[in-house]
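Undergrad: The following comprises the amino acid sequence and a computationally predicted model.
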Amino acid sequence: MKCDMYLTFDGNCEEAMLYYKAVLGGEFTVTMRYADGPPEYSNPEIENKIMHQTLIFGDGCELKASDSFHEPLNKGNNFHVSISTSNEAQAFSFFKGLSKEGTVTMPFEEVFWGGKFGSCIDKFGVQWMVSLEAKTI
């Protein structure tokens, strides 16, 4: 079993996913535009927007996303994308990249439960949690 995060954007999915790829590394395994879909999606206003995209990075992590098709997007605060790693340099790099031009809601630093942790809202309004796993003896 696995659980993936799926993000929906208001027309800037491609920009956001390219940004995440630059920060997190990895590769796109699927990129499908609305023009690639069935005829009911043949609307010139959205044909070049992202219908579905998957970014694979790290050790089996997947981030999936699309542009909203019908309704205006209502951004909420009921989700975070959570990344956990045992590599401190990688964790710091992820946090630094994701928080650039965004808002740090908790600085990346040592935490009482062990390891390091930080949270931020990126420049696209997506909430992130980055954890450095505590070392065990």
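TA: Received the coordinates, thanks. Numbering: from 1, shown residues only.
Undergrad: Tell me where the protein has strands.
TA: With strands called from DSSP state E, the chain shows them at 5-9, 27-33, 50-57, 61-67, 81-85, 103-110, 116-121, 127-132.
Undergrad: Tell me which of those strands is the most buried.
TA: strand 127-132 (a mean of 22; mean count of other C-beta atoms under 10 Å). Bear in mind the C-beta positions are built from the backbone N, C-alpha and C, glycine included.
Undergrad: so how far is that strand from its chain's centroid?
TA: Computed by C-alpha atoms, centre = their mean, to the nearest Å, the separation of strand 127-132 from the middle of its chain amounts to 11 Å.
Undergrad: If residue 32 is in a bridge, with which residues?
TA: Per DSSP bridges, the residues bridged to residue 32 are residue 52.
Undergrad: Relative to residue 26, how far out is it?
TA: According to C-beta to C-beta, to the nearest Å, residue 32 stands 18 Å off from residue 26.
Undergrad: would TSV of the strands of the chain with distance to residue 93 and mean pLDDT be doable?
TA: Below are the strands of the chain laid out as TSV (distance: least, C-beta to C-beta, whole Å; pLDDT from 0 to 100):
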stretch	distance to residue 93	mean pLDDT
strand 5-9	19	89
strand 27-33	18	95
strand 50-57	12	94
strand 61-67	15	92
strand 81-85	10	91
strand 103-110	10	96
strand 116-121	12	94
strand 127-132	10	93
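Undergrad: check contacts around residue 96.
TA: Counting by C-beta atoms under 8 Å, 6 or more residues apart in numbering, residue 96 makes contact with residue 108.
Undergrad: and if you look at residue 130?
TA: 83-84, 91, 94-95, 98, 108, 117-120.
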